[in-house]
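S.K.: Requesting a structural model of the entry that follows:
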Amino acid sequence: MVKTNNYYWDYSTYSDILHVHRKGEINRGSIELGDFCIDLNKKDEVVGIEIEWASEFFSQLDITKEQLTQITDAELIIDKRNPQAHIIFLSLKFPTLTKKIAIPMQVLTA
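M.R.: Sure thing, here's the model as predicted:
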């Protein structure tokens, strides 16, 4: 598992799962939506994401399985402008580029 100032991330080529989690946050619960698992803290804030079959999902965005093993930084960006539904973006940095990816779901808030 790799960590930066704010996030840990890990990509397993064996299980083809990418996991990104905010450092210092404890999961209170998770929401499973298809190949995505969203981790929430005790305030119901998004603190992590796990993407199963990651190479298949990212291949649609021209990111290869090999590139997933070379991530140099990862961050979750939560768009909270709509109080009823937050939109999750995943920022991945690679040695030669940065990609900001919209996760295809909205997390409904209370």
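S.K.: What distance do you get for residue 46 to residue 84?
M.R.: Using CB to CB, to the nearest Å, one gets 15 Å for the distance from residue 46 to residue 84. Any C-beta I mention is one placed from the backbone N, CA and C, and that applies to glycine too.
S.K.: What of residue 31?
M.R.: To residue 84, residue 31 is 15 Å away according to CB to CB.
S.K.: out of the two, which sits in the more crowded spot?
M.R.: Relative neighbour count places residue 31 above the other of residue 31 and residue 84, with 14 against 8, counting by other CB atoms under 10 Å.
S.K.: Which residue comes closest to the more buried one once chain neighbours are left out?
M.R.: Spatially, and ignoring its direct neighbours in sequence, residue 31 is nearest to residue 38 (4.5 Å; CB to CB, 6 or more residues apart in numbering).
S.K.: Run through the bridge partners of the one you found.
M.R.: Here residue 38 sits in beta bridges with residue 31, residue 49, going by DSSP bridges.
S.K.: Got phi/psi on residue 74?
M.R.: Main-chain dihedrals, residue 74, degrees, to the nearest 10: phi -140, psi 150.
S.K.: Flag every buried residue along the helix ranked longest in the chain.
M.R.: Taking DSSP state H as the criterion, the chain has its longest helix at helix 54-59. By neighbour count with 16 or more other CB atoms under 10 Å, helix 54-59 contains the buried residues 54-55, 57-58.
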